[in-house]
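J.: Please work out how this folds:
(one chain, ligands or ions: 2)
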Amino acid sequence: MSEPLKVLVTGAAGQIAYSLVISIAKGDVFGADQPVHLVLLDIPPMKAVLDGVVMELMDCALPLLTEITPLVEEAPAFKDIDVACLVGAMPRKEGMERKDLLAANVKIFKSQGNSLEKYAKKTVKVVVVGNPANTNAFIAKKYAPSIPAENFSCLTRLDQNRGQAQIASRLGVPNKNVSNVIIWGNHSSTQFPDVSQAKVVTSAGVKSVREAVGDDDWLNNAFITTVQKRGAAVIAARKLSSAMSAAKATCDHLRDWFMGTKEGTFTSMGIVSDGSYGIPAGLVYSFPVTIAKDGSYKIVQDIPISDFARQKMDATKKELEEERDMACSVCEG
Ligand SMILES: NC(=O)C1=CN([C@@H]2O[C@H](COP(=O)(O)OP(=O)(O)OC[C@H]3O[C@@H](n4cnc5c(N)ncnc54)[C@H](O)[C@@H]3O)[C@@H](O)[C@H]2O)C=CC1
Ligand SMILES: O=C(O)CCC(=O)C(=O)O
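T.: Numbers count the residues shown, from 1 in each chain. Ligands and ions are numbered 1, 2, ... in the order given. Here you go, the predicted model:
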């Protein structure tokens, strides 16, 4: 067996972490042969709850979980970590836009960016889940200048999974038959779920999703808004934000990042833009990527962009630029 991976989960006493840590500890993410040392960080008032999570993890008697370290201080939590799942942040309540969380949450990511810079391995891979996820990832990277930009990401896989599931349900096929739904931009209601490259395996062979659905009005309107507003719909129904599906998507994101994407398929991740598709370099924007077995990824290039897509990609870019400017003034103020 290899050396344990040191995996930090922040917000470890919260709802997403409750589903996430068990999947990581069971081997669903890094593989059935990869031992894991889990470092669980939350804030001091949550210490007792955190201790309860540790008890439960112990009681699972998992073969791959070599060590559990619960902490309420950042410095030891970020020490020599290989992976950072930055979940800990305030969730949105009914009636709030994700932007409303910005001032409260962005300072957490400034502090954690500083801690990544000081204490983590330079090879650490970071996935930001806490909202506003793209802008929090931008801030974490800004305050961790010596860690390569390509090691920072934010979660838009939940949006991709939602899009895939909507298409599968509409066509009456299993989820696994649908691939290559793209999420462009921000993990917010301005995101652009794009089916232009999406494929579906049908009884008559592989088809484009556009052809199989045969309803452009639905694909260009109701499909997009359903995916954009799914987080708010779950809050309205549960009075709590998505947790099980967010944890599952975080696992999918990390597994693809560590194991690679399947031949002929790609996945969407919020990453630091290199200027592709006219998105300003440095902005954390969700792009379709292919990932190699060594974890290096490439933005899928040369996707034809229609006027309809361009307008949607620019709208979400504009929102991210505004969030970035607001976040920088909060952090520098
Ligand atoms: N990117 C995505 O697709 C999704 C993102 N989210 C976001 O994930 C975040 C967490 O959601 P939940 O787990 O439902 O919230 P929760 O409120 O159940 O848990 C958050 C936990 O973070 C902790 N926390 C707060 N500040 C912290 C800090 N500085 N360091 C460490 N821990 C800290 C809290 O004490 C709490 O235990 C929210 O911002 C939510 O909006 C939720 C769903 C999907
Ligand atoms: O703020 C929200 O929309 C809830 C959590 C979330 O980001 C989501 O469910 O997509």
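J.: Without its sequence neighbours, what residue ends up closest to the residue of the chain found nearest ligand 2?
T.: Nearest residue of the chain to ligand 2, counting by Cβ to the nearest ligand atom: residue 231, 2.6 Å away. (Glycine included, C-beta is placed from N, CA and C.) The shortest distance from residue 231 to any residue other than its chain neighbours is 6.0 Å, reached at residue 242 (Cβ to Cβ, 6 or more residues apart in numbering).
J.: State the pLDDT value of the one you found.
T.: Per-residue pLDDT puts residue 242 at 95.
J.: All further residue positions should be reported with the first residue as 406.
T.: From this message on, residue numbering opens at 406, which makes the last subject residue 647.
J.: Spell out which residues sit in contact with it, please.
T.: Residues near residue 647 by Cβ atoms under 8 Å, 6 or more residues apart in numbering: 563, 635, 636, 639, 640.
J.: mind redoing it with 10 Å?
T.: Listed by Cβ atoms under 10 Å, 6 or more residues apart in numbering, the contact partners of residue 647 are 420, 421, 496, 563, 567, 635, 636, 638, 639, 640, 653, 654.
J.: got the domain boundaries for the protein?
T.: 410-559, 561-729 (the TED database).
J.: could those be laid out in JSON lines, adding distance to residue 737?
T.: Formatted as JSON lines, the domains of the chain follow (distance: least, Cβ to Cβ, whole Å):
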{"stretch": "domain 410-559", "distance to residue 737": "9"}
{"stretch": "domain 561-729", "distance to residue 737": "12"}
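J.: now, of these, which is deepest in the fold?
T.: Greatest average neighbour count among the domains of the chain goes to domain 410-559 (a mean of 20), per mean count of other Cβ atoms under 10 Å.
J.: Contact residues of this structure facing ligand 1?
T.: 415-416, 418-421, 446-448, 451, 492-497, 513, 534-536, 538, 560, 563, 592, 646-648, 651 (Cβ under 6 Å from any ligand atom).
J.: So which elements touch the one helix or strand residue 727 maps to?
T.: Secondary structure from DSSP states H and E places residue 727 in helix 712-737. If you count contacts as 3 or more Cβ pairs under 10 Å, 6 or more residues apart in numbering; DSSP states H and E, helix 712-737 packs onto helix 507-524, helix 538-547, strand 587-589, strand 597-599, strand 689-696.
J.: Turn the ones you listed into CSV, including mean pLDDT.
T.: Listed next are the helices and strands packed on helix 712-737 as CSV, based on pLDDT from 0 to 100:
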stretch, mean pLDDT
helix 507-524, 95
helix 538-547, 98
strand 587-589, 99
strand 597-599, 98
strand 689-696, 98
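J.: what subset of the residues of the chain next to ligand 1 is also close to ligand 2?
T.: Subset of the residues of the chain next to ligand 1 in contact with ligand 2: 497, 536, 563, 646, 647, counting by Cβ under 6 Å from any ligand atom.
J.: beta partners for the nearest residue to residue 578 once chain neighbours are set aside?
T.: With sequence-adjacent residues excluded and distances taken as Cβ to Cβ, 6+ apart, residue 578 is closest to residue 605, at 6.2 Å. On the basis of DSSP bridges, residue 605 is bridged to residue 583, residue 612.
J.: mind listing what residue 605 touches?
T.: 569, 572-573, 575-576, 578, 582-585, 611-618.
J.: measure the nearest residue to residue 510 once chain neighbours are set aside to residue 422 for me?
T.: Once flanking residues are discounted, residue 510 sits nearest to residue 494: 4.3 Å by Cβ to Cβ, 6+ apart. The gap separating residue 494 from residue 422 is 12 Å, by Cβ to Cβ, to the nearest Å.
J.: Now for the two: what residues contact both?
T.: Joint contacts of residue 494 and residue 422 (Cβ under 10 Å, 6+ apart) are 415, 416, 534.
J.: Now flag whichever of the residues you listed is closest to ligand 1.
T.: Taking the shared contacts of residue 494 and residue 422 together and measuring to ligand 1 by Cβ to the nearest ligand atom, the closest member is residue 416, at 2.9 Å.
J.: thought that closest one was touching residue 425?
T.: Yes - counting by Cβ atoms under 10 Å, residue 416 touches residue 425, with 9.2 Å between them.
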